[in-house]
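Asks: Provided below are the primary sequence and the corresponding predicted coordinates.
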Amino acid sequence: MMSRDYANRKPRSGTKARAPQRKKAPKRSFPYLAVFVVLTLIIGFGYFLWSINGSSDSSATTEPVQQPKQKTTQAVVAEAPKKTVKKDPNALPPKPQEEWTYLKELENMQVEVDVPQSGVVSSGIYQMQCGSFRQESQANEMKARIAFQGAEAQVRRSEGTNGVWYRVVLGPYPNKREAETNRHKMQSAGLNGCLIWLWE
């Protein structure tokens with residue numbers, strides 16, 4: 001048996017190409033259940049409205065209207081019209097009278113304050129310490145940095161229980177205000193560790 005070449009095969013001249021067949025959609029049945037539910041709701045709502053309409057007519061009772069009695073002229077003359085003044089609910093109450101006397105008393109008062117003549121009174125002479133080092137060379141470096149800011153510093157040697165320390169000290173200052181001014185100058189130069197103490 002010979003094998004057939006389907007890839008290079010030419011179509012036959014007399015036949016038409018078949019169109020792909022589509023599956024037919026199944027026929028949908030009529031939605032009886034949905035129609036039944038909708039009709040039931042409409043009928044129920046109509047019955048509800050009809051029952052409300054009928055009950056309002058039966059519950060209403062009519063009362064006979066009484067006509068006012070005609071008064072005689074003597075009774076009208078006897079009753080004098082009464083004038084009633086209605087108060088406005090939004091009206092403000094009358095302005096109260098002031099009972100305070102301190103306003104008059106304060107006008108005539110004088111206050112005395114004791115101000116010292118020299119301003120801030122200092123209790124002694126102040127110094128400012130900007131560093132404390134173990135080595136004297138570090139203390140001298142700090143002294144040079146302070147000298148570039150226009151202030152004169154001293155390096156003091158002190159011996160304590162935990163060894164020898166070299167302190168960089170500025171001063172003496174006659175009052176604390178001058179020491180604070182100098183400390184602000186040092187802070188602007190980057191020396192932030194300066195402390196102000198009484199002179200020892």
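Replies: Alright, I've got the coordinates. None of the values given here were measured: they were computed from a predicted structure.

Asks: Let me see the contact set for L191.
Replies: 130, 142, 145-146, 149 (Cβ atoms under 8 Å, 6 or more residues apart in numbering). Every residue, glycine included, has its C-beta placed from N, CA and C.

Asks: Out of these, which end up buried?
Replies: For the contacts of L191, a neighbour count by 16 or more other Cβ atoms under 10 Å gives the buried set as 130, 142, 145-146.

Asks: The spatially closest residue to E152 that is not a sequence neighbour: what secondary structure?
Replies: Excluding the flanking residues, the one nearest E152 by Cβ to Cβ, 6 or more residues apart in numbering is L170, at 7.2 Å. Following DSSP: H, G, I helix; E, B strand; the rest coil, the label given to L170 is strand.

Asks: Do you know the pLDDT at L170?
Replies: Looking at L170, its pLDDT reads 93.

Asks: what's across from it in the sheet?
Replies: M128, A153 (DSSP bridges).

Asks: That one contacts I146, correct?
Replies: Yes - L170 is in contact with I146 according to Cβ atoms under 8 Å; the separation is 6.8 Å.

Asks: Quick check: neighbours shared by these two?
Replies: 130, 152-153.

Asks: Could you export the residues you listed as a markdown table, including distance to K86 and pLDDT?
Replies: As requested, the shared contacts of L170 and I146 are exported to a markdown table (distance: Cβ to Cβ, whole Å; pLDDT from 0 to 100):
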| residue | distance to K86 | pLDDT |
| --- | --- | --- |
| C130 | 85 | 93 |
| E152 | 92 | 92 |
| A153 | 91 | 94 |
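
Asks: Can you list the low-confidence ranges for the chain?
Replies: Counting by pLDDT under 70, the ranges of the chain that qualify are 1-2, 5-21, 24-25, 54-83, 116-123, 200.

Asks: rerun that using 80 as the cut-off
Replies: Low-confidence segments of the chain (pLDDT under 80): 1-28, 54-87, 98-104, 115-124, 199-200.

Asks: ok now the top helix by length along the chain, how far from the chain's centre?
Replies: Taking DSSP state H as the criterion, the chain has its longest helix at helix 32-59. Mean C-alpha position of helix 32-59 versus that of the full chain (Cα atoms, centre = their mean, to the nearest Å) differs by 55 Å.

Asks: Give me the distance between G150 and N182.
Replies: The spacing between G150 and N182, counted by Cβ to Cβ, to the nearest Å, is 10 Å.

Asks: what about the residue nearest in space to the middle of the chain, distance to P96?
Replies: The centroid of the chain falls nearest to N90 when counting by Cα atoms, centre = their mean (36.7 Å). Per Cβ to Cβ, N90 is found 19 Å from P96.
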